[in-house]
Structure formats: C-alpha cells, structure tokens
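J.: Show me the folded form of this:
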Amino acid sequence: MKFSKLTISCLLASTAFSFFAYPVKAENWFFLLDDDSNIKHFLDRTSIKRKGNVVEVKAFQVSPKTDEDGSVATVALFEISCREKRFRVKQESVLYEDRSVRASRNPSDWEAVQKDTVADVMMQEVCKAR
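T.: Numbering: from 1, shown residues only. Okay, here's the model as predicted:
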C-alpha cells in the first residue's frame, strides 16, 4: 500500500504531538535539504531550544520510497552540541508502510558531526544564532 505525502505528513504530525509531549503550539517546519538518497529533511524552528551549549531541535525526514526495514518517515528530537560539534538522537518516532509507528525514547550515543552530512547542515542551521 502506498502512502501519499499528505497522509504521511498527517500521521507524523499527530505522532509528533503525542510522542514529544510538547505543549500544543504551532510548528514552523522548513525544508533543510534533499540528501543523496532523495530523502527530504525538515526542521521545526519552533522546537529549537537552547540549554547551555546544547541545542534541541525536532526534525522530520520522509523517503520517496519504502526503506528496507519498511519505514517511510521519521520524526526525531535531536540534541546538538555546537561547541563540540557532535549530536545525538534523543527520541524518535518511525512510521512504517503498514501504518504502524514505533517510538524510542532512549537517547543514542553522541557522535561527531561529519562535514557535508545532514547533521552538519542541521548543526549549521541551529547553531548559527549562538
């Protein structure tokens, strides 16, 4: 079964509201980039929160085709350390082609931001106003 982009957006928006437990507020999604696999990446400017040297931001990615594991889109809460140039996924919610959603609230390990990657572009966007 194929999902329309509108269906994916609606499902992930509702998932994001319940998953991240943010107070209800308008989201300000903007297009960040299309990566080498044609996956579209977006950031929510209203979710950007600075906590000392760490910036928190919610990101959304949608794939033009179903991934090998059956996933089609992801909403994730990232933490980015601007000074140390590293990042981690704090929480994520993955939408699968069968319309199931799997959420993880276990933060990943910190990773170095590599030049010319999605994490690099994301870091440049959220750290530029520091």
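
J.: Every contact and neighbour count from this point should use C-alpha atoms.
T.: Will do.

J.: In space, not sequence, find me the middle residue of this structure.
T.: residue 59 (2.3 Å; Cα atoms, centre = their mean).

J.: what about that one, which SS state?
T.: Of the three states, residue 59 takes strand under DSSP: H, G, I helix; E, B strand; the rest coil.

J.: can you list the residues that contact stretch 34-50?
T.: 26-33, 55-64, 118, 122, 126 (Cα atoms under 8 Å, 6 or more residues apart in numbering).

J.: Could you rerun that using 7 Å?
T.: Taking contacts as Cα atoms under 7 Å, 6 or more residues apart in numbering, the residues outside stretch 34-50 that touch it are 27-33, 55-64.

J.: Only the buried residues of that stretch, if you could.
T.: Judged by neighbour count using 16 or more other Cα atoms under 10 Å, the buried positions of stretch 34-50 are 39, 40, 41, 42, 43, 44, 45, 47, 48, 50.

J.: can these go into a markdown table with extra columns for distance to residue 111 and pLDDT?
T.: A markdown table is the format used below for those (distance: Cα to Cα, whole Å; pLDDT from 0 to 100):
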| residue | distance to residue 111 | pLDDT |
| --- | --- | --- |
| 39 | 21 | 93 |
| 40 | 22 | 95 |
| 41 | 19 | 96 |
| 42 | 20 | 96 |
| 43 | 19 | 95 |
| 44 | 22 | 95 |
| 45 | 23 | 92 |
| 47 | 21 | 93 |
| 48 | 20 | 94 |
| 50 | 19 | 93 |
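
J.: Tell me the helix or strand right after the least confident helix or strand in the chain by mean pLDDT.
T.: Across the helices and strands of the chain, mean pLDDT, DSSP states H and E gives its lowest value to helix 5-20, namely a mean of 52. Next along the chain after helix 5-20, taking DSSP states H and E as the criterion, comes strand 29-34.

J.: which of the residues in that next one are buried?
T.: For strand 29-34, a neighbour-count test (16+ other Cα under 10 Å) marks 29, 32, 33 as buried.

J.: go on, stretch 80-93?
T.: For stretch 80-93, the buried set under the neighbour-count rule, 16+ other Cα under 10 Å, comprises 80, 81, 82, 85, 86, 87, 88, 89, 90, 91, 92, 93.
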